[in-house]
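Visitor: this is a predicted model, with the sequence first.
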Amino acid sequence: MKVLVIGATGMLGRPAVHRLLADGHEVSGFARAGRESAVRATGASPVTGDLFDVESLASALRGHEAVLNLATRIPQASAAVRRSGWVENDRLRLDGTRTLAAAVSLVDSVKTVVQEGISFVYADGGDTPLDEDAPLEPVGVTASSPRGHENIAALESTGRTAIRLRIGVLVGDDAMTKTQLAAARYGSLLIIGRRDDWTCAIHPSDAAAAAVAALRAPSGVYNVGAAPVRKQVLGEAMAAAAGVRKPHALPRWLAERIPMMAVLARSHRVVSDRLMDATGWKPELPTPGPAWFEPAHP
């Protein structure tokens, strides 16, 4: 299959390209002008265009059978707690998916679209396992994810397979996790909310493998996460990686008063059985531990 990866140089895009190539696919990476060498370094063949221009994106899509849209712009450090820090990420999920859906509609060869998204959109579930039919409560910066999914879901009416992923918290040898671990060495927080509430985390390489596996799935929404664990368990794994004695927590009552923290204070026992049943995918790193924080290998 000839696959175009949007966001090929990102945290999920790089391992997704590697997985696609290993599976024998012909892989292109979407690039802005001037970014061709960065895409080429992933192993993909660069295809240039403008993600926010329908004709430009349609031209890049021609000849491809599937597209993985893994493009995000997640703010780092202090920018992540400011609403303004998320403007570009929201634009990718809103305007970018709207443009992508319109462009795909113009290209007969494209039969499958896989769109990234997040699992933080679920309402608090307490101890209840949350499958894809559980209630949603998107607010603030999480609201762009389900709206982007709606744009891609509209492609089903044109006969395309439209896959929408709800991916858990990405934790691994990536820039964001490294920033968290470095801050934890100076007393920063590793747990948001109650220690005995649930969280759904996943290593980036497993999330990328899930996105590739989703090419085999029928249209629909799919959770992507490792086995859900108590927040204390993930916090202890991160504390060990940071070399600190125990993880500090932001109390839930306080987190709920901070708009950018309130969503992460929820209890999310998210399960990914639907994708596993549909594709045979399962995480190679099913529970948080030392291997999650080891340097990634190509």
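Guide: All right, it came through fine. Numbers count the residues shown, from 1 in each chain.
Visitor: when you work out contacts or count neighbours from here on, use the C-alpha atoms and nothing else.
Guide: OK.
Visitor: ok, now which ones touch Ala170?
Guide: Small correction: residue 170 is Leu, not Ala. Ala201, Ile202, His203, Pro204 (Cα atoms under 8 Å, 6 or more residues apart in numbering).
Visitor: ok, those vs Leu264, which is closest?
Guide: Ala201 (11.7 Å; Cα to Cα).
Visitor: quick one: that closest one from Lys231, how far?
Guide: Noted for Ala201: a distance of 10 Å to Lys231, by Cα to Cα, to the nearest Å.
Visitor: ok, now Gly96?
Guide: 33 Å.
Visitor: from His248, how far out is Ile118?
Guide: Taken as Cα to Cα, the span from Ile118 to His248 is 25 Å.
Visitor: could you dump the contacts of Leu170 to JSON lines with secondary structure and distance to Ala58?
Guide: JSON lines is the format used below for the contacts of Leu170 (DSSP: H, G, I helix; E, B strand; the rest coil; distance: Cα to Cα, whole Å):
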{"residue": "Ala201", "secondary structure": "strand", "distance to Ala58": "34"}
{"residue": "Ile202", "secondary structure": "strand", "distance to Ala58": "32"}
{"residue": "His203", "secondary structure": "coil", "distance to Ala58": "32"}
{"residue": "Pro204", "secondary structure": "helix", "distance to Ala58": "28"}
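Visitor: just the buried members of those residues?
Guide: Ala201, Ile202, His203, Pro204 (16 or more other Cα atoms under 10 Å).
Visitor: can you pull the contacts of the last one?
Guide: I take that to be Pro204. Here Pro204 is in contact with Met11, Leu12, Pro15, Leu170, Val171, Gly172 (criterion: Cα under 8 Å, 6+ apart).
Visitor: ok, 6 Å please
Guide: Leu12, Leu170 (Cα atoms under 6 Å, 6 or more residues apart in numbering).
Visitor: do the third one as well
Guide: Neighbour list for His203: Leu170, Val171, Gly172 [criterion: Cα under 6 Å, 6+ apart].
Visitor: cool, and the first one?
Guide: Contacts for Ala201 (Cα under 6 Å, 6+ apart) come out as Gly168, Val169, Leu170, Gly225, Ala226.
Visitor: count of neighbours near the second one?
Guide: What it means is Val169. The local packing of Val169 (other Cα atoms under 10 Å) involves 20 other residues.
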